[in-house]
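S.K.: Compute the structure for the input listed below.
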Amino acid sequence: MRTAETSPVSATEAKSLFSDLEPFPALVLAVSGGPDSTALMVLAARWRKARKSGPALFAVTVDHGLRKAAKREAANVGRLARKLGIAHRTLRWTGAKPKTGLQEAARAARYHLLAGAARQANTSHVLTAHTRDDQAETVLIRMSRGSGVSGLAAMARISALPGDGEGQIKLVRPLLDIPKARLVATLRAAKIPFADDPSNRDPRFTRARLRGLMGELAREGLDARRLALLARRLKRADMAIEAAVDRAAAELTLSPAMPGAIAFDAAGYARLPAEIALRLIGRALAKAGDEGPVELAKLETLKAALDAAQNAGQKGGNARFRRSLAGAIVTLAGRQITVERAPPRRGKALTTGRRGNAKPAKSR
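M.R.: Numbers count the residues shown, from 1 in each chain. Take a look at the predicted model:
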């Protein structure tokens, strides 16, 4: 018996899923051949065919060279794309593969190849088939890694494409509110086959292990719908906090003594709510530094030390503070907090802890 959670996606729904993409000249569809991405291609093709005009569609399959079946699956995607009237290309991840962090490396390679395909297609939008189930799994992964509010807001419908150095290409997830079961039902109703990637169930990978727990969590009331709802609510809160940080930056930013530095009024900074102050100093570090995003736990440690220095100053002690993080230096002197680029240290990343290369930043 079909329910709202298992029924095929209708043409009316498909129209609403893609309607905001109509003005663009072209769209790249990332299609692996699995049920989600195959449904994305089918639904996009139906939507485009029902319109007199609209963007050209280009399906791209990335063969990571990790499974023998991948080449056959890419060929199957190509055949279906031709039936749907969509151009198709297969791109391959070549070269040596890492022994650890394989999924992360494959993801980075995939986005790099998709960015190149988008530039060749003269488009700024790449569509992926992330579903509500993927969103729920992302929330769980980020909870397990200690993410803050921003990280737990998980995936947005539209965001910057990871790995696009130019920052011009957007990643669009039109199916983010759709359950995976409905996409499978859509394909079965149309009698369209799809591939099954066994790595999606491989317990070596975190996402696969958490996916195996979803049934048990659902029986306790923590299903994909509730986890996705949590992400939406946290996104709403995150946007409100970011607006408050914008206001704080406008009110507290001073003219720095050195070009390229960022300076804040120290007394005003000390009065900010903790989360606003944390994000304000985090933004400055990310802008002034040269080591990418700031890891949340390290940022919290730095802020705690800065707070302690300010408290000591209010009690008549030494209010001076100087600490490095993420390729930047934070200094408290007198009435001003300054954040500036740290000088290079013989090829080593500048950190607040032990010397060595900085670890990848966690999602906040």
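S.K.: tally of neighbours for T131?
M.R.: Counted by other C-beta atoms under 10 Å, the residues lying close to T131 total 25. Every C-beta, even on glycine, is put in place using the N, C-alpha and C of the backbone.
S.K.: ok, how many other residues are close to the closest residue to it other than its chain neighbours?
M.R.: Excluding its sequence neighbours, the residue lying closest to T131 (C-beta to C-beta, 6 or more residues apart in numbering) is K180, at 4.7 Å. Neighbourhood size, K180 [other C-beta under 10 Å]: 18.
S.K.: Got phi/psi on K180?
M.R.: phi -60, psi -40 (degrees, to the nearest 10).
S.K.: Does it touch A129 like I think?
M.R.: No - applying C-beta atoms under 8 Å as the test, K180 and A129 come out as separate, 9.3 Å apart.
S.K.: Touching both of these two, which residues are there?
M.R.: D36 (C-beta atoms under 8 Å, 6 or more residues apart in numbering).
S.K.: Could you pull out the strands in the chain for me?
M.R.: When secondary structure is read from DSSP state E, the chain shows strands at 26-30, 56-63, 87-92, 125-127, 158-160, 170-172, 253-254, 262-265, 321-325, 328-333, 336-341.
S.K.: could you dump those to CSV with mean pLDDT and mean neighbour count?
M.R.: Output for the strands of the chain, formatted as CSV (pLDDT from 0 to 100; neighbours: other C-beta atoms under 10 Å):
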stretch, mean pLDDT, mean neighbour count
strand 26-30, 98, 24
strand 56-63, 97, 23
strand 87-92, 97, 17
strand 125-127, 98, 23
strand 158-160, 95, 12
strand 170-172, 97, 21
strand 253-254, 96, 16
strand 262-265, 96, 20
strand 321-325, 95, 18
strand 328-333, 96, 20
strand 336-341, 96, 21
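S.K.: Can you redo those strands as CSV, where the extra columns are distance to R204?
M.R.: As requested, those are exported to CSV (distance: least, C-beta to C-beta, whole Å):
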stretch, distance to R204
strand 26-30, 23
strand 56-63, 21
strand 87-92, 23
strand 125-127, 28
strand 158-160, 27
strand 170-172, 26
strand 253-254, 47
strand 262-265, 43
strand 321-325, 33
strand 328-333, 36
strand 336-341, 40
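S.K.: With respect to A70, which of the ones you listed lies nearest?
M.R.: strand 56-63 (4.8 Å; C-beta to C-beta).
S.K.: Check G353 and give its pLDDT.
M.R.: Per-residue pLDDT puts G353 at 41.
S.K.: thinking again about what came up before, tell me which of the strands of the chain sits nearest to G221.
M.R.: strand 158-160 (29.1 Å).
S.K.: Quick one: distance of that closest one to the chain centre.
M.R.: Distance, stretch centre to chain centre, for strand 158-160: 8 Å (C-alpha atoms, centre = their mean, to the nearest Å).
S.K.: name the helices or strands packed onto that strand?
M.R.: Applying 3 or more C-beta pairs under 8 Å, 6 or more residues apart in numbering; DSSP states H and E, one finds that strand 158-160 contacts strand 170-172.
S.K.: Just checking: what are the partner strands of the strand it packs on?
M.R.: strand 125-127 (parallel), strand 158-160 (antiparallel) (DSSP bridges).
S.K.: Turn those strands into a markdown table, including distance to A319.
M.R.: Listed next are the strands paired with strand 170-172 as a markdown table, based on distance: least, C-beta to C-beta, whole Å:
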| stretch | distance to A319 |
| --- | --- |
| strand 125-127 | 49 |
| strand 158-160 | 39 |
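S.K.: nearest to G167, of these?
M.R.: strand 158-160 (6.0 Å).
S.K.: contacts for the closest one?
M.R.: Under C-beta under 8 Å, 6+ apart, the answer for strand 158-160 is G167, I169, K170, L171, V172, R173.
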